[in-house]
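*Asks:* build me a structure from this.
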Amino acid sequence: MTSTWHRIAEVPDEGRVHTAIVDGRSIAVTRCGGRVGALDNHCPHQGGPLGEGSIENGLLRCPWHGYDYDPTTGRPPEGFSDAPLAFPVDERPDGTWVELPDVEAAPRSVSDVLVETLVAWGVDTVFGMVGHSNLGFADALRRAEERGQLRYIGIRHEGAAAFAASAFGKLTGRPAACFAIAGPGSTNLLTGLYDARLDGSPVLAISGQVPSKVLGRGAFQDVDLSAVFRDVALSTVTVHAGSDHAELAATAVKHAVDGRGVAHLVLPDEVQDLPSDAPAATPVGRRADLAVAPSSATRDAAVVRLRAARRPVIIVGQGARGATAEVRELAERLSAPVLTTFRAKGLLPDTHPLGAGVLGRSGTPVASWLMNEADLLLVVGASFANHTGIAQYKRIVQVDDAPAAIGRFHPVDVGVLGDAAVTLRLMIEGLGDAAATDQRPDVAARWAIWRAEKARRAADDRGRGVNSAAVFAALSQHCPADATIAVDVGNHAYSFGRYFESAGQPVLMSGYLGSIGFGYPAAMGAWAADPSRPVVAVTGDGGFGQYLAEVTTAVKYGIPIKHVLLDNGVLGKISKEQLAGQYPVWQTSLVNPDFAEYARLCGAVGIPVHSADELDEGMKALFAAEGPALLHVHTDAELV
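*Replies:* Presented below is the predicted three-dimensional model:
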């Protein structure tokens, strides 16, 4: 084995030891009895960092368990045989030099096989935190990133990693990975993974694990992760030494994509670095075309009802995101309004003559009026959640690509099982002449009434902060039409649904989990999904407070999130729920920092807004800023 001499940047004083990084390697450097020693910085007992030890009675004492070694030769006292590797040292006029064996290329490992397979299956983004039980896999990620095959984003809390991966999947239909250590790192992923599970977002979760020889014996961070993840994940599998590693990685991605949910891999520490010459598994011949057509009988039954309807409306959910063009064309053929669930907000712009905005608790009176006047509801890719309030008593044609979704809560007149885009295209082709009334005048009239009311609300000012109608009127004016918007949970979300007029921007939210804290991490996921598009986060002070450290992540990676933060100093939604339940308001007040100053301390742009007359300039500054920026709007808790 060849070796090379390297200069040690700094040598400790007599009787001291410190850690030096030499040629990328960790060395325990000592000076004892006038001589300089250099030992491998890993105690042969349990790997303790010798460079953090001390010199006692001429011996280097390991800080973990008190094992002693000669500081220059590495020899232990008489009667012991274990010894760290000692390296030759030469003190020269130009400094102190150490001779280290040249680094040999690491053999291809199990982790390399796993990562190469994930990349082949289209996983190109990983959000996570590197730690002691996932280092082997992390190093394989590093090599793949150096090859330009994936992007790694190191977050500050694993929950943010899972939320970001969930948002990535909601936006693209492709899985991102979230990555954590054993024990608490992995359990921190769970909330974001439940968001992915309930909203049908493909995500791959990867957990480091304690070594197999101590697993189940109560070791440090010894948690049965497959048991923990069994409810949230479609599949959870531990990768063992004798496993077909490539196949397990391929199957995990396939489960996540085909099942639109979470797949989980557990990687014991010692397995990650095992050498492997197995080829990566590719998706060739492993994926089905999911754009399936409905049966001709159900398609024809639906078309008959559409032809006969006089006032049909189209209600679209997140499942119709891939059928935007078909929704628009069918609406225009029928002159039928398009109402959206909150998750599908923006699928048809509110500026379109048939765009009616959001239906339900977070919606507009435009949408609810048009639904109430309808004689047929064509519901595409929506789940009939009670928050949306789709009228059960109406005649309903439901289109969905999941059998379990058809008639999930109550019977429908016609249930059409098929891909939204394919099914609507077939309906358009078979529609012929329809008898529907042109409802564009009704849509325009209802919008005129609602916009007048919004303007009145935007002008309200009690001197206690900016009202939400004014905030979202300003955001409607300044938000780029090609932006992606991530919205957190809280009163601000209801106000966003009602007041923000979409120009077609897709909206990300924690739909069925309704998890506070989603908004800012989701914006990171949206940026990773498409860095060419502007990304806007809309949060309250309660939700942002849970993941506010992720501003530093945005600064580190140059993620240009434009963050509109509504700060009313209270968990406003909870306060209203307490009052609605005839409880006194209790423990919902918040103590907040100056969030604009906080953003600046993190290296981002921070812009304060205290009154409505500052909103326009604040929004201009927000969207003109380079990199991550935060607009801190002090809002009135009652004017929502």
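*Asks:* can you show me the strands along the stretch 1-150 of the chain?
*Replies:* 3-8, 16-22, 25-32, 35-40, 54-56, 59-61, 68-69, 89-92, 95-101, 125-128 (DSSP state E, counting those that start in this stretch).
*Asks:* what pairs with the second one, and is each one parallel or antiparallel?
*Replies:* The one in question is strand 16-22. With DSSP bridges as the test, strand 16-22 is paired with strand 25-32 (antiparallel).
*Asks:* what residues sit buried inside the strand it pairs with?
*Replies:* Going by neighbour count (16 or more other CB atoms under 10 Å), the buried part of strand 25-32 is I27, A28, V29, T30, R31, C32. For every residue, glycine as well, the C-beta is placed using N, CA and C.
*Asks:* can I get that strand as CSV, trimmed to CA atoms?
*Replies:* These are the backbone C-alpha positions of strand 25-32, laid out as CSV (Å, rounded to 0.1, in the frame of the first residue of the first chain):
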residue,chain,number,x,y,z
ARG,A,25,-9.3,11.8,7.8
SER,A,26,-9.7,12.2,11.5
ILE,A,27,-6.4,11.9,13.4
ALA,A,28,-5.8,12.2,17.2
VAL,A,29,-2.7,14.4,17.5
THR,A,30,-0.8,14.5,20.8
ARG,A,31,2.3,16.1,22.3
CYS,A,32,3.7,14.2,25.2
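*Asks:* mean confidence score for it?
*Replies:* Along strand 25-32, the predicted confidence averages to a pLDDT of 95.
*Asks:* and for it, what's in contact with it?
*Replies:* Contacting residues not belonging to strand 25-32 are listed as 8, 11-21, 36-42, 49-51, 53, 55, 58, 60, 71-72, 84, 87, 98, 100, 103 [CB atoms under 8 Å, 6 or more residues apart in numbering].
*Asks:* domain ranges for this protein?
*Replies:* 3-101, 110-272, 296-439, 459-634 (automatic domain parsing).
*Asks:* can you tell me how far Y393 is from A374?
*Replies:* Y393 sits at a distance of 11 Å from A374 (criterion: CB to CB, to the nearest Å).
*Asks:* typo on my end, L508
*Replies:* L508 is 28 Å from A374, where distance means CB to CB.
*Asks:* which of the two has more neighbours?
*Replies:* Here L508 and A374 are compared on neighbour count by other CB atoms under 10 Å; more neighbours surround L508, at 28 against 23.
*Asks:* contact partners for the residue lying closest to the more buried one once chain neighbours are set aside?
*Replies:* Leaving aside its chain neighbours, L508 sits nearest to A486 (4.4 Å; criterion: CB to CB, 6 or more residues apart in numbering). Listed by CB under 8 Å, 6+ apart, the contact partners of A486 are 167, 507-509, 518-520, 522-523, 525-526, 535-538.
*Asks:* mind listing the helices for the stretch 51-200 of the chain?
*Replies:* For the stretch 51-200 of the chain, the helices defined by DSSP state H, counting those that start in this stretch cover 110-120, 135-146, 158-172, 184-187, 190-199.
*Asks:* restrict the first one to CA atoms and write it as CSV.
*Replies:* Which is helix 110-120. What follows is helix 110-120 as a C-alpha-only set of coordinates in CSV (Å, rounded to 0.1, in the frame of the first residue of the first chain):
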residue,chain,number,x,y,z
VAL,A,110,-25.3,-2.2,-0.7
SER,A,111,-26.1,1.5,-0.2
ASP,A,112,-24.8,2.2,-3.7
VAL,A,113,-27.0,-0.5,-5.1
LEU,A,114,-30.0,0.9,-3.3
VAL,A,115,-29.3,4.5,-4.4
GLU,A,116,-28.6,3.5,-8.0
THR,A,117,-31.9,1.7,-8.1
LEU,A,118,-33.9,4.6,-6.6
VAL,A,119,-32.3,6.9,-9.2
ALA,A,120,-33.2,4.5,-12.0
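*Asks:* list of residues touching that helix?
*Replies:* 136-137, 139-141, 143-144, 149-150, 177, 204, 239, 245-246, 248-250, 253, 265, 267, 271-276, 278-283.
*Asks:* restricted to strands, list the residues you listed.
*Replies:* For the contacts of helix 110-120, the ones inside strands are A177, L204, L265, L267, with DSSP state E as the criterion.
*Asks:* before we move on, the earlier item: out of the contacts of helix 110-120, which are buried?
*Replies:* 136-137, 139-141, 143-144, 149-150, 177, 204, 239, 245-246, 248-250, 253, 265, 267, 271-274, 276, 280-281.
*Asks:* okay, and the helix or strand of the chain with the least pLDDT?
*Replies:* The helix or strand of the chain with the poorest confidence is helix 572-580; it has a mean of 90 (mean pLDDT, DSSP states H and E).
*Asks:* list the buried residues of the helix or strand following it.
*Replies:* Tracing the chain C-terminally past helix 572-580 and defining elements by DSSP states H and E, one meets helix 595-601 next. The neighbour-count check on helix 595-601 (16+ other CB under 10 Å) flags F595, A596, Y598, A599 as buried.
*Asks:* next one: the first one from G545, what distance?
*Replies:* It stands for F595. Using CB to CB, one gets 9 Å for the distance from F595 to G545.
*Asks:* now the last one
*Replies:* Taking CB to CB as the measure, A599 falls 13 Å from G545.
*Asks:* from the buried residues of strand 25-32, which single one is nearest A344?
*Replies:* Closest approach between these and A344, by CB to CB: I27, at 58.0 Å.
*Asks:* can you pull up the bridge partners for that closest one?
*Replies:* When bridges are assigned using DSSP bridges, the partners listed for I27 are A20, D40.
*Asks:* check contacts around A144.
*Replies:* V115, E116, V119, L150.
*Asks:* could you check the pLDDT of the second one?
*Replies:* Residue-level confidence at E116 comes out at 98, pLDDT.
*Asks:* how about R61?
*Replies:* Confidence at R61, expressed as pLDDT, is 95.
*Asks:* would you agree it is in contact with D70?
*Replies:* No: with contact defined as CB atoms under 8 Å, R61 does not count as touching D70 (11.5 Å).
*Asks:* what are the ranges of the helices in the stretch 301-450 of the chain?
*Replies:* When secondary structure is read from DSSP H, counting those that start in this stretch, the stretch 301-450 of the chain shows helices at 324-334, 365-373, 420-431, 440-458.
*Asks:* TSV please, covering those helices and showing mean pLDDT.
*Replies:* Listed next are the helices of the stretch 301-450 of the chain as TSV, based on pLDDT from 0 to 100:
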stretch	mean pLDDT
helix 324-334	97
helix 365-373	97
helix 420-431	96
helix 440-458	97
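*Asks:* so which elements touch the one helix or strand A621 maps to?
*Replies:* Following DSSP H and E, the helix or strand that holds A621 is helix 615-624. Packed against helix 615-624 by the contact rule (3 or more CB pairs under 8 Å, 6 or more residues apart in numbering; DSSP states H and E) you find helix 468-478, strand 561-567, strand 605-609, strand 629-634.
*Asks:* for A481, give me its contacts.
*Replies:* Counted by CB under 8 Å, 6+ apart, A481 has contacts A503, G504, Q505.
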